[in-house]
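*Asks:* structure, please.
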Amino acid sequence: MNHKNSKGWCPTVYNPMRTGDGFLIRLQPRFSRLSRDQALGVCKLSNEYGSGTIEITRRANLQLRGTKISQHKRLLDELLELNLLEASEEIESRPNLIIAPDWEIGGVEAEIYKAFYKRQKEFPVLPPKFGFSVDTKIPNRLKNVPSDIRLETDGKGALLVAADGSECGIPVTKDDAICRMIELAEWFSNSGGNARKRMRYHLQQNSLP
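*Replies:* Numbers count the residues shown, from 1 in each chain. Down below sits the predicted model:
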């Protein structure tokens with residue numbers, strides 16, 4: 001476990017960030033959603049192991065502030081019991097994916113969300129703040145949320161994979177959407193995008209293939 005304090009990286013539960021009020025940990029709830037029991041559990045853990053302050057990020061993650069490293073292992077165990085923590089640090093630090101808040105069980109967004117995480121090992125190494133979004137409703141809900149590779153729809157409801165900063169996207173189906181997202185992420189990584197950290201900045205110097 002490395003306790004970093006530099007900017008430009010993202011803390012996780014396994015790898016907290018040192019701050020002025022203790023250590024900050026960031027939870028990534030599956031489907032960006034909590035059950036009632038999970039929500040109450042997070043509040044209890046925040047009071048027991050932290051300062052009681054819980055922040056919600058723009059990518060629908062939760063940040064618990066003021067946690068103590070001496071209690072870190074016990075906090076991990078309780079988060080596992082709440083099913084709010086992956087079994088390993090490798091899985092927990094997967095690419096960041098946000099889903100539109102009004103997704104429906106059995107809908108396209110939920111299917112693609114599940115497929116994304118089943119194939120997460122196929123994505124290249126990307127900058128810590130690099131993110132993906134799934135937003136298939138009209139109008140798009142996540143237009144103002146930072147995201148480097150977006151799965152969204154055009155004005156007629158057709159699915160597109162789009163690079164942030166580009167005016168157009170690649171037509172896809174729900175079956176090949178993840179393949180196109182992986183290909184776009186590979187192009188970004190292989191063309192030097194990791195040095196610029198975000199897709200929008202990379203496209204200022206490079207043209208999409």
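
*Asks:* check contacts around residue 181.
*Replies:* 116, 132, 149, 151, 161 (C-beta atoms under 8 Å, 6 or more residues apart in numbering). For every residue, glycine as well, the C-beta is placed using N, CA and C.

*Asks:* now do residue 171
*Replies:* Going by C-beta under 8 Å, 6+ apart, the list of residues near residue 171 reads 158, 159, 160.

*Asks:* could you pick out the buried ones from those?
*Replies:* Taking 16 or more other C-beta atoms under 10 Å as the criterion, what is buried in the contacts of residue 171 is 159, 160.

*Asks:* let's have the contacts of residue 171 in CSV, adding distance to residue 123, secondary structure and pLDDT.
*Replies:* Shown next, in CSV, are the contacts of residue 171 (distance: C-beta to C-beta, whole Å; DSSP: H, G, I helix; E, B strand; the rest coil; pLDDT from 0 to 100):
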residue, distance to residue 123, secondary structure, pLDDT
158, 24, coil, 89
159, 19, strand, 92
160, 19, strand, 93
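
*Asks:* after the helix or strand of the chain with the lowest mean pLDDT comes which helix or strand?
*Replies:* Counting by mean pLDDT, DSSP states H and E, the chain has its least confident helix or strand at helix 89-92, which shows a mean of 60. Using DSSP states H and E, the helix or strand that follows helix 89-92 in sequence is strand 96-99.

*Asks:* what is that next one packed up against?
*Replies:* Here strand 96-99 touches helix 108-118, strand 131-134, going by 3 or more C-beta pairs under 8 Å, 6 or more residues apart in numbering; DSSP states H and E.

*Asks:* scan the contacts of residue 181 and report the most crowded one.
*Replies:* residue 151 (29 neighbours; other C-beta atoms under 10 Å).

*Asks:* ranges for the helices of this protein?
*Replies:* Secondary structure of the chain (DSSP state H): helices located at 36-49, 72-81, 89-92, 108-118, 177-190, 193-196, 199-203.

*Asks:* for the last one, which residues meet the burial criterion?
*Replies:* Just to be clear, that refers to helix 199-203. Of the residues in helix 199-203, 199, 202, 203 count as buried by neighbour count, 16+ other C-beta under 10 Å.

*Asks:* quick one: contacts for the last one?
*Replies:* The reference is to residue 203. 163, 164, 165, 166.

*Asks:* turn the residues you listed into CSV, including neighbour count, pLDDT and distance to residue 194.
*Replies:* Shown next, in CSV, are those (neighbours: other C-beta atoms under 10 Å; pLDDT from 0 to 100; distance: C-beta to C-beta, whole Å):
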residue, neighbour count, pLDDT, distance to residue 194
163, 22, 94, 15
164, 18, 93, 15
165, 14, 91, 16
166, 15, 91, 18
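
*Asks:* rank the helices and strands packed on strand 96-99 by pLDDT, which is bottom?
*Replies:* Ranked on mean pLDDT, the bottom entry among the helices and strands packed on strand 96-99 is helix 108-118, at a mean of 88.

*Asks:* quick one, that helix and helix 177-190 angle?
*Replies:* 50 degrees (axes from the mean of the first three to the mean of the last three C-alpha atoms, to 10 degrees).

*Asks:* and which of the contacts of residue 181 is nearest residue 108?
*Replies:* Among those, residue 151 lies closest to residue 108 (C-beta to C-beta), at 9.1 Å.
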